Structure formats: structure tokens, C-alpha cells
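Undergrad: Predicted model and sequence follow; I will ask about them next.
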Amino acid sequence: QRYEIGEKVTLWANKVGPYENPQETYSYYTLPFCDGDAGKSSSRWPGLGEALEGNALVQTAYRIFFAQNLPRTIVCSLVLDRQAEDVLSYAIRKH
């Protein structure tokens, strides 16, 4: 795809999982990461090849514009509740 200067670029997130076991994968937002528009993210059909590889693309809320420098910006702020903290801690420790 070709972009014009200043045109919005969609950033897609993929699966996450441990390096030691590439067959064990999870959708990006099953872990408590920042989701700027919670519930508004969209998925896309990746195509047969990507689907067979287990890719699960989901659109992120990050604002990126082609060939445009932006100042350093906080993209989100997240406070984890106890359950989210446990989920993230487990994923880090066990995987």
C-alpha cells in the first residue's frame, strides 16, 4: 500500500505468546494492555496463509501518520486491578 504524507496509518497488533512454545498463542488484547478505544477495536480476516500460521490481527487505537514526526506522547495510562495484575504476572512468569 502507498501512503500520502500525513495520511493515517493503521497499526495492527498480532498474537502474543512464549518464544519457547510458538504454538501457544493468545490474541493481543487477552492480556491487559492499553486499548485506547476499549470494545471498539476491529479484527480483520488475515487471509488463508496468515490464518494457518495462527495470526490474529486486531486494529490498535494508536494514532500514526505517514512521514510525520510527532513529539513524545503518552499513548495511554493504565491502572491494573488485582485480577489484571495477576493475569499479566502469570503470563510473564510462566511464559
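TA: It's in. Quantities reported herein were computed from a predicted structural model and do not represent experimental measurements.
Undergrad: When you work out contacts or count neighbours from here on, use the C-alpha atoms and nothing else.
TA: OK.
Undergrad: For Asn69, give me its contacts.
TA: By CA atoms under 8 Å, 6 or more residues apart in numbering, Asn69 lies in contact with nothing.
Undergrad: Kindly recompute the last result at 10 Å.
TA: Asn69 is in contact with Gly6, counting by CA atoms under 10 Å, 6 or more residues apart in numbering.
Undergrad: Determine the three-state secondary structure at it.
TA: coil (DSSP: H, G, I helix; E, B strand; the rest coil).
Undergrad: and stretch 74-89, how far out from the chain's middle?
TA: Offset of stretch 74-89 from its chain centre (CA atoms, centre = their mean, to the nearest Å): 15 Å.
Undergrad: what does it rub up against?
TA: Against stretch 74-89 from outside (CA under 10 Å, 6+ apart): 30-36, 61-63, 90-92, 95.
Undergrad: can you map out the helices along this protein?
TA: 48-52, 82-94 (DSSP state H).
Undergrad: right, and these - which one's nearest Glu20?
TA: For the helices of the chain, proximity to Glu20 was assessed by CA to CA; helix 82-94 is nearest, at 10.8 Å.
Undergrad: In that closest one, which residues are buried?
TA: Using 16 or more other CA atoms under 10 Å as the test for burial, helix 82-94 gives no buried residues.
Undergrad: Distance from that helix to the middle of the chain?
TA: 17 Å.
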